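> following is a predicted model, sequence given first.
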Amino acid sequence: MQKIGFSALFACMAANILFLGGIIFFIAARGLSSISWEFLTQAPRDSMTAGGVAPAIVGTFYLTLGAVIFALPLGVACAIYLTEYSPKGWIVNLLRISINNLAGVPSVVFGLFGLTVFVKYAGFGVSILSGSLTLGILALPVIISASQEALTAVPQSVREASLALGASQWETIRRVALPAALPGILTGVILSVGRVAGETAPILFTAAAFYLKGYPRSVFSEVMALPYHIYALMTEGTHPEIQTRIAYASSLLLLALVLSVSMLAIFIRARQRKTYNA
Amino acid sequence: MHDINVDYEKQMGMENFHPSLVRGPVELNTNSMGEGDIFGAEPKISARNVNFCYGSKRALNGINIDFSPRRVTAIIGPSGCGKSTFIRLLNRMHELVPDSRLEGEILLDGLDILSPACDAAELRKRVGMVFQKPNPFPKSVFENVAYGLQVNGVRDRNLIEEKVVDSLKKAALWDEIKDRLKDSALGLSGGQQQRLCIARCLAVSPEVILFDEPCASLDPISTAKIEELILTLKKDYTIVIVTHNMQQAARVSDQTAFFLMGDLIEMGRTESIFKAPRDRRTEDYITGRFG
Amino acid sequence: MTKKKERIIKYLFTALAFASLVFLVGIVLVLFKEALPIFSKVSLKAFLLGESWYPTAEPAEFGILPLILASLWVTAGALVICVPLGIGSALYLHELAGPRQRAVLKPVIEILASVPSIVYGFFGMVILAPFLQNTFDLPIGLCVLTTSIILGVMATPTVASIAEDALSYVPRSFREASFAVGADRWQTLTKVIIPAAGSGISTAIILGMSRAIGETMTVLMVAGGSAVIPHSVFDPVRPMTAAIAAEMGEAPVGSDHYHALFAIALILFLITFAFNIAAELISRRFRLKLGLSR
């Protein structure tokens, strides 16, 4: 009985590897041939049938950068509040529930929120700004989580040492706790980058466009983005075969981007654990 | 009161051993006998009618105690007697624990440190602390010692460097790490880390240094080094040391206070306490009947 | 550093910390505000239980039962995959994987979790759907089955990591006690450890469900887009998320269609919110049961 049971468990685990490998394999197999220098650096031409996806890469970059700029200070501030200022139990619980729920909101709901608040109320229109802000809210729980974990890992004894030397609480946070937590916070940023770069629904109504003539000129411009580009290639346009090929290549590109970011974060975290245990 | 050393030797069956083989229960600290009446000086720190509770637990009852300047006072007692709790009041580190209540006064040079007018951060620059487990910052050796100065607003790099070297020398650590100043403090041995913490404390030029069981996690050699260090430091600083090791108290201190279950049972010159304790409970603790 | 400055800094951090709560409340308010107008045209009951979703017809019909059922069907199908695979993987990691294996396998799961949903959707659309279409001789490969499979794969890492976390909280003493009475590893696993981690595993499943039901791009590309009540797993469907994403672009602002879509989003939000609260309550009881404080 045990043998059968354990084999089943092994199969379950192996399935994960199979899925990951399968997805990477199929997309790489059909997408690799379309990846070229031209593909990566040039704008699309001839109604999406030639040229490259450079504007979409640039757009994804801007959106991700904007999201991090917005979410990082807010996220770290929240983590500092929760770990350094020891608020009362009910406040901690309330915030924790908020953060967890925010993390579980469906991405399309974020999109609607961004549409109503940033695009319409605030008047930013469909733009990098609206998209970044919307994505920033999405990234917030990720950064809060990682920052909290990093700050909690700093031993309390070190904070006591700082206070005993006459430093104030803020000085202790600024000079001792935060610097020590920096690698963990960085991991959080990297993870959020991976998450945000691949999101489509939040930018559907707030930032993304399919075919733009040039590169974005300001934060108020619409922008192309890799994930949206893939979607649009498959659902709009007039040349399905060519577009599908481009979509394969774009998917491969996006996949490569997100996976390398994930692996980077995992690597940093593993190395950090080693230095703490050493 | 009879000489408890004799009793101890009898109990341990060591009466026939050569005296040089027998260590304890005390080694008399003869230094304090030669100098003048140490109770004559104005106390550097005093506690007056201190009661302290955290949560629903009463930790200290009506403590009245004086610490003489430029002397080493040891606080001894069994686990849970309140000695660590008490020493943390002296630099207001108890404020880190929520839900605690302190009554009474604690005076530094005659001024109440518990009054709202007294700033905790300023107080801690005058009253430093070395903790039970060495807690260097995850920074370089140099940065650790310089920390207190930077927090004090000292910007002059030459001055900082001077002070760092000076403090490391005072802490008897300079020779060992003078070419490792940029290395991470976490790479030092336990004993070195603790001396680093002492150097870090000295760099802000405190008047009082509180040692909370500083050798509890150290090997005997490191312990001996630190005890030596304390004896040299007492020339310039008022020192209070909490220890569960009676021999240590006897070796380094001029005065000793015995705490038990939140009460100060007895206090006096070290050799009086160990040779001729006035209270029965003190005697029982010292001879090892409990603890 | 003066005391006043310290206090200002503390207030600043307090204010910033509540940002996540502010956004959550903001989302609720926006959804309510934009959704409510539709209910002056259609009763809540007719909205939720109406079987016809023809928002652009004349006269428009706003019954979202087909959309709700679509979401439920694909989520149920996803559970068929992600629950056994996810829990099985978690058990494997917990019981059978040595430290070297764990160092490789845990990252694999994390990486699987980070694959963007658009890539899953794309994969489903160009590879899985045609495959199923050929295998089962279907008119179209974009249907409940395809969607369920992809969603199941997407939700597996979620279930696996939370379940593995829950298993790691079960004290070693339970295992040792079981071995001490002569049980073998399998019996210990099934009779002692899994029940002890039961609440934690439930939390994992609930959060996996939450993930599946809230997924947008995948279902948009793979579910088929037909807003009718499904009768078989081979029917194309339009789950709630897909309806919102697909139709929002065409619904004029302030129109009934517009408000109806927000109403769907509100329902969706409330469902995932309920899942999250349930998971929170269960995990709290779980921790209390095991004697962990948090």
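Nice, thanks for sending it over.

> going by C-alpha atoms from here, please, whenever you check contacts or count neighbours.
Fine.

> any chance you could map the helices in the stretch 51-200 of chain B?
Counting by DSSP state H, counting those that start in this stretch, the stretch 51-200 of chain B has helices at residues B:83-87, B:120-126, B:141-151, B:157-170, B:174-177, B:190-202.

> just checking, A:Ile35 touches A:Ser251?
No. Proximity of A:Ile35 to A:Ser251 does not meet the contact threshold set by CA atoms under 8 Å, at 10.7 Å.

> quick one: closest of the helices of the stretch 51-200 of chain B to chain A.
With respect to chain A, and counting by CA to the nearest CA, the nearest of these is helix B:120-126 at 4.1 Å.

> roughly how far does the closest residue to A:Tyr231 other than its chain neighbours sit from A:Ser7?
Spatial nearest neighbour of A:Tyr231, chain neighbours left out: C:Ile118 (7.1 Å); criterion: CA to CA, 6 or more residues apart in numbering or on different chains. Distance of C:Ile118 to A:Ser7, given as CA to CA, to the nearest Å: 33 Å.

> sketch out the low-pLDDT regions of the stretch 1-150 of chain B for me.
Low-confidence segments of the stretch 1-150 of chain B (pLDDT under 70): B:1-40.

> got the residues of it near chain A?
B:91, B:93, B:120-125, B:128-129, B:131, B:135-138, B:148 (CA under 8 Å from any CA of the partner chain).

> can you pick the most crowded of these?
B:Met129 (33 neighbours; other CA atoms under 10 Å in any protein chain shown).

> distance of that one relative to C:Leu112?
When B:Met129 is compared with C:Leu112 (using CA to CA), they lie 50 Å apart.

> A:Trp170 now?
40 Å.

> where along chain A do the helices fall?
Using DSSP state H, the helices found in chain A span residues A:2-31, A:37-41, A:54-84, A:89-104, A:107-114, A:128-153, A:156-164, A:169-172, A:178-197, A:201-204, A:226-235, A:240-277.

> the residue of chain C found nearest chain B - how many residues pack around it?
Going by CA to the nearest CA, chain B is nearest to C:Lys3 of chain C, at 8.5 Å. Neighbour count of C:Lys3, defined by other CA under 10 Å: 11.

> got it, and B:Asp236?
By other CA under 10 Å, 13 other residues sit near B:Asp236.

> that one reaches B:Arg70, doesn't it?
Yes. Here B:Asp236 reaches B:Arg70: they are 6.1 Å apart, a contact under CA under 8 Å.

> how about the helix or strand of chain C with the lowest mean pLDDT against chain A, any contact?
Lowest mean confidence among the helices and strands of chain C (mean pLDDT, DSSP states H and E): helix C:185-187, at a mean of 83. Yes. Using CA under 8 Å from any CA, we find that helix C:185-187 touches chain A at C:185-187.

> most tightly packed of the helices of the stretch 51-200 of chain B?
Mean neighbour count (mean count of other CA atoms under 10 Å in any protein chain shown) peaks for helix B:190-202 among the helices of the stretch 51-200 of chain B, with a mean of 26.

> contact partners for B:Ala171?
B:195-196, B:198-199, B:229 (CA atoms under 8 Å, 6 or more residues apart in numbering or on different chains).

> could you identify the most distant pair in the residues you listed?
Within those, two members stand farthest from each other by CA to CA: B:Leu196 and B:Leu229, at 12.1 Å.

> output the set of residues of the stretch 51-200 of chain C in proximity to chain B.
Checking the stretch 51-200 of chain C against chain B by CA under 8 Å from any CA, there are no hits.

> how close does the residue of the stretch 101-250 of chain B found nearest chain C get to A:Ala56?
The nearest approach of the stretch 101-250 of chain B to chain C comes at B:Asp119, 8.5 Å away (CA to the nearest CA). In this view, B:Asp119 and A:Ala56 are 57 Å apart by CA to CA.

> residue contacts, the closest residue to A:His239 other than its chain neighbours?
Nearest in space to A:His239, with sequence neighbours left out and distances taken as CA to CA, 6+ apart, is A:Thr49 at 7.2 Å. By CA under 8 Å, 6+ apart, the contact set of A:Thr49 is A:239, A:242-243.

> please state the backbone phi and psi of the closest residue to chain B within the stretch 51-200 of chain A?
The nearest approach of the stretch 51-200 of chain A to chain B comes at A:Gly166, 4.1 Å away (CA to the nearest CA). Note on A:Gly166: backbone dihedrals following degrees, to the nearest 10 are phi 100, psi 10.

> burial measure for C:Lys33, as a count.
So C:Lys33, with other CA under 10 Å, has 14 neighbours.

> make that C:Gly50, sorry
For C:Gly50, the count of nearby residues is 17 (other CA under 10 Å).
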